[in-house]
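K.L.:
Would you be able to build a 3D model of this:
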Amino acid sequence: MGESTQLQQKGKGNLKKHVITYICLAIGFILIGALTPDNPEEFGPISLIPAIFLVVYIFWTKRIVESLTLGAVLGYVMVYKWEFFSAFNEMLLGVLMDEDIAWLIIVCGLMGSIIALVEKSGGARAFGEWVATKAKGSRTSMLWTFICSALICVDDYLNVLTTGSCMTPINDRFKIPREMDAYIVDSTAAPACVLNPISTWGVFIAGLLEANAVAEKGMGVATYIKSIPFNFYAIAAVAVVLLVIAGVIPIFGPMKGAWKRVEEGGPLAPPGSEKIDIRAGGAQDVEPFTTPKIINFFLPILVLIGSTIAWGLDMQAGVLTTLAFIFVFYVFQGLDPEEFVDEMLRGLKNMLMPIVMVVLAFSFAAACEEIMFIDYVIDVATRFMTPQMLPFVVFLVFGITEFIMGISWGMYIIALPIVIPITLAIGGNPIVTVGAVAAAGTWGSHCCFYSDATILTSASTGCDNFRHAITQIPFGLIAGVVAGIGYLILGFTMF
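P.N.:
Purely as a prediction, here's the structure:
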């Protein structure tokens, strides 16, 4: 009875705290909306307010979904005042109807289905038993995770969802904190993809180079290859992962706390991870429909990678092809078609939270566009763009922009048409600038709490995305500082 009373009092105390918080937020939003100019072009430095609010609120509450929603609402209050609700409503509809979001929902949702089906076949269990014979300790298990991620360098979504779902159960056997697991997967995936010119990243940026007349028609990939040696962050990030695994760079900061939690007998995953864990829908309780065979793991993964490449790096086509293959392959082994559908739906359900978070991240990015956040940042940055400082300023400014907005490839679409003409106008090297822009997008995406890379890695490794981001940032900053120093040296030696 005493314990029940204490819980009730705690609940009332939390309710009172939440009510006070939301009343204060409502008053603050009203004041900000009333005091901001009617024309967003006059916002200037106040366009930074939603970004500052978002970062502070995330650190204060550790609630990403709520923070993104409130940050987007604040941006629309600043622009539309009392009519913000209608504009916000239209924005949500527009985001959900966006072709990129539709693609993401289909691809990520069906990737969840593929993972659930592989688990149902016993393939994941067989793969775990096979790797367990190769990985004799935590370091070799982490190295296998790195190798797996580095090899699947066709697309970062494919990479993190495949590597995370495959290697996390194995890393669990060696008592590796989920935060460490997520760090290795995330910090290998995008860097490996952006360094591969025939990945989705390479092909996308190559297309932008042709569209912005940096490369002649059909020469985008060849031009992009020239910029790869100047992507200092991607190179440094891969090197830092290996050095951390080898123990050359010691575990420190929040990541050290994660290791301590596990060493003291605590859970492998930080609190709250079940909300985003792709395996939280009962995968551990799934009974295979046949004797676990490693071929049930490898063949679907090989089909997924091969068909994605065969369809011209179209991951949606690759995912659909793989599901069709799995249906035939598993049904002939004894899987009931009705069970196939049930497992598909379980996998889709497990991806719901990550998809919602990505949609909200795009919504916040839309709010930042409304208040002309990027315009202000670029306007300030161009004052420091001398030929010598250009690579460093581009890397720093667009890295921070990506960290705030979490828009992934959208940043490249915005950045390249702006920085290339500036580079040519001040006598800079556009190939170096392209490398710096590519590096900035990778860096900002890694450190962002709500970027698609952070969210999907958290889902596939079963790690709360706030904890994943906060434990990854120190190592991302090491690689970022190394890259920044490299761009400063490059700028003052080349020009």
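
K.L.:
How is the protein partitioned into domains?
P.N.:
17-97, 99-196+270-353 (automatic domain parsing).

K.L.:
Could you tell me how far the longest one lies from the centre of the chain?
P.N.:
By that I understand domain 99-196+270-353. Here the centre of domain 99-196+270-353 is set off from its chain's centre by 16 Å, with Cα atoms, centre = their mean, to the nearest Å.

K.L.:
Figure out the length between the terminal residues of that domain.
P.N.:
Terminal residues of domain 99-196+270-353 are spaced 20 Å apart (Cα to Cα, to the nearest Å).

K.L.:
gap between Gly444 and Gly410?
P.N.:
Relative to Gly410, Gly444 is positioned 11 Å away (Cβ to Cβ, to the nearest Å). In short, each C-beta sits where N, CA and C put it, glycine included.

K.L.:
which one of those two has more residues nearby?
P.N.:
Comparing Gly444 with Gly410 by other Cβ atoms under 10 Å, the one with more neighbours is Gly444, at 27 against 17.

K.L.:
contacting residues for that one?
P.N.:
Under the criterion of Cβ atoms under 8 Å, 6 or more residues apart in numbering, the neighbours of Gly444 are Phe398, Gly399, Ile400, Thr401, Glu402, Phe403, Ile404, Gly406, Met411, Ser451.

K.L.:
Tally up the residues packed near the third one, please.
P.N.:
A count of neighbours around Ile400, defined by other Cβ under 10 Å, yields 17.

K.L.:
What sits closest to it if chain neighbours are left out?
P.N.:
For Ile400, the nearest residue in space outside its immediate sequence neighbours is Gly444; the separation is 6.7 Å by Cβ to Cβ, 6 or more residues apart in numbering.

K.L.:
Tell me which helix or strand comes right after the host helix or strand of the one you found.
P.N.:
Following DSSP states H and E, one finds Gly444 within helix 430-447. Following helix 430-447 in sequence order, the next helix or strand is helix 452-461 (DSSP H and E).

K.L.:
Skipping adjacent residues, who's closest to Ile305 in space?
P.N.:
Val154 (6.2 Å).

K.L.:
Check the burial of Ala453 by counting its neighbours.
P.N.:
24.

K.L.:
actually Ile225, sorry about that
P.N.:
Counted with other Cβ under 10 Å, the burial measure for Ile225 works out to 14 neighbours.

K.L.:
wait, it sits on Pro197?
P.N.:
Yes: using Cβ atoms under 8 Å, Ile225 makes contact with Pro197 at a distance of 4.9 Å.

K.L.:
Enumerate the positions of stretch 186-198 that are buried.
P.N.:
Using 16 or more other Cβ atoms under 10 Å as the burial criterion, the residues of stretch 186-198 that qualify are Asp186, Ser187, Thr188, Ala189, Ala190, Pro191, Ala192, Cys193, Val194, Leu195, Asn196, Pro197.

K.L.:
Actually, stretch 235-251.
P.N.:
Taking 16+ other Cβ under 10 Å as the basis for neighbour counts, the residues of stretch 235-251 that come out buried are Ile235, Ala236, Ala237, Val238, Ala239, Val240, Val241, Leu242, Val244, Ile245, Ile249, Ile251.

K.L.:
Take those residues and lay them out in JSON lines including pLDDT, distance to Arg279 and secondary structure.
P.N.:
Formatted as JSON lines, the entries for these read as follows, by pLDDT from 0 to 100; distance: Cβ to Cβ, whole Å; DSSP: H, G, I helix; E, B strand; the rest coil:
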{"residue": "Ile235", "pLDDT": "96", "distance to Arg279": "33", "secondary structure": "helix"}
{"residue": "Ala236", "pLDDT": "97", "distance to Arg279": "32", "secondary structure": "helix"}
{"residue": "Ala237", "pLDDT": "96", "distance to Arg279": "26", "secondary structure": "helix"}
{"residue": "Val238", "pLDDT": "96", "distance to Arg279": "27", "secondary structure": "helix"}
{"residue": "Ala239", "pLDDT": "97", "distance to Arg279": "31", "secondary structure": "helix"}
{"residue": "Val240", "pLDDT": "97", "distance to Arg279": "28", "secondary structure": "helix"}
{"residue": "Val241", "pLDDT": "97", "distance to Arg279": "23", "secondary structure": "helix"}
{"residue": "Leu242", "pLDDT": "97", "distance to Arg279": "27", "secondary structure": "helix"}
{"residue": "Val244", "pLDDT": "97", "distance to Arg279": "25", "secondary structure": "helix"}
{"residue": "Ile245", "pLDDT": "96", "distance to Arg279": "24", "secondary structure": "helix"}
{"residue": "Ile249", "pLDDT": "96", "distance to Arg279": "29", "secondary structure": "coil"}
{"residue": "Ile251", "pLDDT": "95", "distance to Arg279": "25", "secondary structure": "coil"}
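
K.L.:
Which one of these is nearest to Ile431?
P.N.:
Using Cβ to Cβ, Ile235 is the member of these that sits closest to Ile431, with 15.6 Å.

K.L.:
Let me see the ranges of the helices in the stretch 101-250 of the chain.
P.N.:
Defined through DSSP state H, counting those that start in this stretch, the helices belonging to the stretch 101-250 of the chain, from first to last, are 123-134, 138-151, 156-173, 178-194, 200-211, 220-227, 232-246.

K.L.:
Same question for the stretch 351-495 of the chain.
P.N.:
For the stretch 351-495 of the chain, helices defined by DSSP H, counting those that start in this stretch occupy the ranges 352-370, 373-381, 390-405, 409-425, 430-447, 452-461, 465-494.

K.L.:
closest one to Arg279 among those helices?
P.N.:
helix 452-461 (8.8 Å).

K.L.:
what's the closest one packed up against?
P.N.:
Helix 452-461 makes packing contacts with helix 99-121, helix 156-173, helix 178-194, helix 352-370, helix 430-447, helix 465-494 when contacts are defined by 3 or more Cβ pairs under 8 Å, 6 or more residues apart in numbering; DSSP states H and E.

K.L.:
Next, the angle from the shortest one to helix 220-227.
P.N.:
What it means is helix 178-194. Between the axis of helix 178-194 and that of helix 220-227 there is an angle of 120 degrees, by axes from the mean of the first three to the mean of the last three Cα atoms, to 10 degrees.

K.L.:
same check, this time on the fourth one
P.N.:
Using the same axes, to 10 degrees, the interaxial angle of helix 352-370 with respect to helix 220-227 works out to 90 degrees.

K.L.:
Determine the number of other residues adjacent to the closest residue to Thr423 other than its chain neighbours.
P.N.:
Distances taken as Cβ to Cβ, 6+ apart place Thr433 nearest to Thr423, at 4.5 Å, with adjacent residues excluded. Other residues within reach of Thr433 by the criterion other Cβ under 10 Å amount to 24.

K.L.:
what residues are up against Thr433?
P.N.:
Taking Cβ under 8 Å, 6+ apart as the criterion, Thr433 is in contact with Leu390, Pro391, Val394, Val419, Ile420, Thr423.

K.L.:
any idea how far Ile355 is from the second one?
P.N.:
Here the distance between Pro391 and Ile355 works out to 36 Å (Cβ to Cβ).

K.L.:
quick one on the thing from earlier: ok, the residue nearest to Ile305 - contacts?
P.N.:
For Val154, the contacting residues are Cys193, Asn196, Ile198, Ser199, Thr200, Ile305, Thr308, Ile309, Leu313, taking Cβ under 8 Å, 6+ apart as the criterion.

K.L.:
before we move on, what about Ile422?
P.N.:
Under the contact definition (Cβ under 8 Å, 6+ apart), the residues listed for Ile422 are Thr382, Met385, Leu390, Gly428.

K.L.:
give me that answer again for 10 Å
P.N.:
Residues touching Ile422, when contacts are defined by Cβ atoms under 10 Å, 6 or more residues apart in numbering, comprise Ile378, Ala381, Thr382, Met385, Leu390, Val393, Val394, Gly428, Pro430, Thr433.
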